[in-house]
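[1] Pasting a predicted model and its sequence here:
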Amino acid sequence: MTHPESAPEVLRYPFGEPHLLDLDQRYAGLRDTEGLGRVEVRDLGPAWLCSRYADVRRILTDSRFGLTPPADPATPPDGAGPAADAAARCPVAATGANTAAAPGREPAPTSAQVTRVTRGGLKPRQIERLRGAAEKTADELLDRLGRLDPGGPPGARATTDLMAGFVKPLAAEVLCELLDIPAGERPGVRARLLGAATTASPPSGADHEDRRALARRLAELIAARDPAGRSADDLLSAMIRARGEGEERLSDRQLVTAALRLLLPGLQNTVLMLSNFVRALMHHRSELERLRHRPDLVPSAVEELIRFTPFHSTSTFPRYASEDIEVGGTLIRRGEVAVGALCAANRDERAFTDPDSFDIGRGENAHLGFGMGTHHCPGAALARMQLQVAVAALARRVDDLYVAPVANTRSVHDPGGRVIGWFDPLPATWSAIRP
């Protein structure tokens, strides 16, 4: 066990802007260094950086690491205050934050309550019932793109923004299906969802209005559901069934908050992942061609894309030690912060054979892309289904897909210390979209 008497070198973290496929070489160096790295995280402060698979898995699954600082520490840890503030400000990190209520208002649901009330509507069986509708939507969107007039001379290639024409509308429509939104309302709800899930910082007035309008509509839908949530498989009915009783019962307003804290980060992350997957496949065209001829490999291809593509190229959310804990040869003191670099863990040669190779047929693939343990993403089954549907449709129907390179990745910095590579738009061309 080590906890150096003299302070180790403190690295600024994140290390730099994300790149599509390549990780900063410092991750590999840290994996081969005894103990954990000491970093200074933007808007967080000092932290221990875990970059080995075993160490990242440990902080995700050990219940002694929490999302908030331990109560009443004898000596407040450096950076604990800013980190707690960061979790409250970050629209994605807020899904795991315990947000205090304003005076006179109901407390926001805790992370555990959000998970409890949404779990029933996100079970694999519930998600699989959406697959047919998702496939139908994907085909309709590709049909629409296939009818675009390329203009120009015979043989000219059609060009469009794949993000606006396929990625975003598919992800938003699946959420409408999950919520059982009436068909006539879906265009408006899709637009509100995409506006409310913006990555703009700070959000515009229109983005705030989209969120308020979406919250109002969710409240109306909850009020109109069966008070016991019987005889329906949609997410809101499942949340009503799980709202609890007595002092633990969540009000309609709290159910709306819980739904937003699940849906908006989930939509944002699905769009993020799929757009990055498209670019990754452009760099591995032989694997894309292999997928076209082997549609049975779609599930393993999606898992490999999650493992290999470092769209979150920095830390997970901060975890606070509730007592002194040894991780990776370093003693993390009570109240100190640990962050885990999922991207680095997913390229650890101790956990994966030939980890820097992209192989859609990879067998064992216990990546950490959706977290693990109590910190496992509650919407993982929904994300997997959408990603499988989208990747399968693109591989099966779009001939000679080409996405234009971009000079610079648009990066989103969130207060929790992550730097996210964001491709928007996705200017794409193809030779044909087959029936």
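    Okay, I see it. Numbering: from 1, shown residues only.

[2] residue ranges of the helices in the stretch 101-250 of the chain, please?
    111-119, 124-128, 131-146, 162, 168-179, 186-196, 205-224, 235-241 (DSSP state H, counting those that start in this stretch).

[3] Summarise which helices and strands the fourth one is packed against.
    For helix 162, the packing partners by 3 or more C-beta pairs under 8 Å, 6 or more residues apart in numbering; DSSP states H and E come out as none at all, with no helix or strand in contact. Using the backbone N, CA and C atoms, a C-beta is placed for each residue, glycine as well.

[4] And the contacts of it?
    For helix 162, the surrounding residues in contact (C-beta atoms under 8 Å, 6 or more residues apart in numbering) are S275, V278, V403, P425, L426, P427, A428.

[5] Of the residues you listed, keep whichever come out buried.
    Buried residues within the contacts of helix 162, defined by neighbour count using 16 or more other C-beta atoms under 10 Å: S275, V278, V403, P425, L426, A428.

[6] Enumerate the positions of the strand or helix carrying the first one that are buried.
    I take that to be S275. Assessed by DSSP states H and E, S275 sits inside helix 252-282. By neighbour count on 16+ other C-beta under 10 Å, the buried set for helix 252-282 is 254-282.

[7] in this protein, what secondary structure element scores lowest on mean pLDDT?
    Using mean pLDDT, DSSP states H and E, the weakest-scoring helix or strand in the chain turns out to be helix 80-89, at a mean of 32.

[8] my guess is I59 meets V327, correct?
    Yes. Under the criterion of C-beta atoms under 8 Å, I59 makes contact with V327 at 6.5 Å.

[9] got any residues that touch both of the two?
    C50, A338.

[10] Compare these two and say which is more crowded by neighbours.
    I59 (26 against 23; other C-beta atoms under 10 Å).

[11] quick one: that one from A393, how far?
    37 Å (C-beta to C-beta, to the nearest Å).

[12] The host helix or strand of R26 packs against which elements?
    Mapping R26 onto the secondary structure by DSSP H and E places it in helix 25-31. If contacts are counted by 3+ C-beta pairs under 8 Å, 6+ apart, helix 25-31 sits against helix 342-345.

[13] Measure how far the helix it packs on is from the centre of its chain, please.
    14 Å (C-alpha atoms, centre = their mean, to the nearest Å).

[14] The next helix or strand after it vs helix 131-146, what angle?
    Per DSSP H and E, the first helix or strand lying C-terminal to helix 342-345 is helix 380-397. Relative orientation of helix 380-397 versus helix 131-146 (axes from the mean of the first three to the mean of the last three C-alpha atoms, to 10 degrees): 40 degrees.

[15] tell me which strands and helices whichever helix or strand comes after helix 380-397 is in contact with?
    Elements were assigned by DSSP H and E; along the chain past helix 380-397, the next helix or strand is strand 398-399. If you count contacts as 3+ C-beta pairs under 8 Å, 6+ apart, strand 398-399 packs onto strand 432-433.

[16] Can you give me the end-to-end span of stretch 13-31?
    For stretch 13-31, the separation between the terminal residues is 16 Å (C-alpha to C-alpha, to the nearest Å).

[17] got the angle between whatever helix or strand comes next after the helix holding S275 and helix 252-282?
    With elements assigned by DSSP H and E, the helix or strand that comes after helix 252-282 is helix 285-293. Angle of helix 285-293 versus helix 252-282, following the same axes, to 10 degrees, is 110 degrees.

[18] residues of helix 285-293 that come out buried?
    E287, L288, R290, L291.

[19] can you put these in TSV and add pLDDT and distance to A108?
    Shown next, in TSV, are the buried residues of helix 285-293 (pLDDT from 0 to 100; distance: C-beta to C-beta, whole Å):
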residue	pLDDT	distance to A108
E287	96	43
L288	96	43
R290	96	46
L291	96	42
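
[20] Low-confidence stretches in the stretch 201-350 of the chain?
    Within the stretch 201-350 of the chain, the stretches with pLDDT under 70 are 201, 229, 231, 311-316.

[21] what about the residue nearest to A392 when sequence neighbours are not counted, is that helix, strand or coil?
    Residue nearest to A392 in three dimensions, not counting chain neighbours: V298, with 4.7 Å by C-beta to C-beta, 6 or more residues apart in numbering. Assigned with DSSP: H, G, I helix; E, B strand; the rest coil, V298 falls in the helix class.

[22] Thought V391 was touching V298, still the case?
    Yes. Shown here, V298 and V391 form a contact pair, counting by C-beta under 8 Å, at 6.0 Å.

[23] Settle it for me: which of the two has more neighbours?
    For V298 versus V391, neighbours defined as other C-beta under 10 Å are more numerous around V391 (24 against 20).

[24] closest to R333 out of the helices of the stretch 101-250 of the chain?
    helix 111-119 (23.8 Å; C-beta to C-beta).

[25] quick one: G329 from T118, how far?
    G329 is 38 Å from T118, by C-beta to C-beta.

[26] Run a quick neighbour tally on H284.
    Neighbours of H284 (other C-beta under 10 Å): 19.

[27] Next: F15.
    Count around F15 with other C-beta under 10 Å applied: 18.

[28] my read is it is in a strand, agree?
    No. Counting by three-state DSSP, F15 is not found in a strand; it is coil.

[29] ok, D210 - contacts?
    D210 touches A191, R192, L193, L194, G195, A196, T198, counting by C-beta under 8 Å, 6+ apart.

[30] re the thing from before, next, format the helices of the stretch 101-250 of the chain as JSON lines and append distance to P435.
    Output for the helices of the stretch 101-250 of the chain, formatted as JSON lines (distance: least, C-beta to C-beta, whole Å):
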{"stretch": "helix 111-119", "distance to P435": "37"}
{"stretch": "helix 124-128", "distance to P435": "25"}
{"stretch": "helix 131-146", "distance to P435": "8"}
{"stretch": "helix 162", "distance to P435": "19"}
{"stretch": "helix 168-179", "distance to P435": "19"}
{"stretch": "helix 186-196", "distance to P435": "25"}
{"stretch": "helix 205-224", "distance to P435": "36"}
{"stretch": "helix 235-241", "distance to P435": "33"}
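
[31] For the residue nearest the centre of the chain, which non-adjacent residue is spatially closest?
    The residue lying closest to the centre of the chain (C-alpha atoms, centre = their mean) is N269, at 3.5 Å. Using C-beta to C-beta, 6+ apart and skipping residues adjacent in sequence, the residue nearest N269 is A383, 6.9 Å away.

[32] returning to what we had before: max pairwise distance over the buried ones among the contacts of helix 162: which two?
    Across the buried ones among the contacts of helix 162 (C-beta to C-beta), the longest gap, 11.6 Å, separates V278 and P425.

[33] Brilliant, that's me finished.
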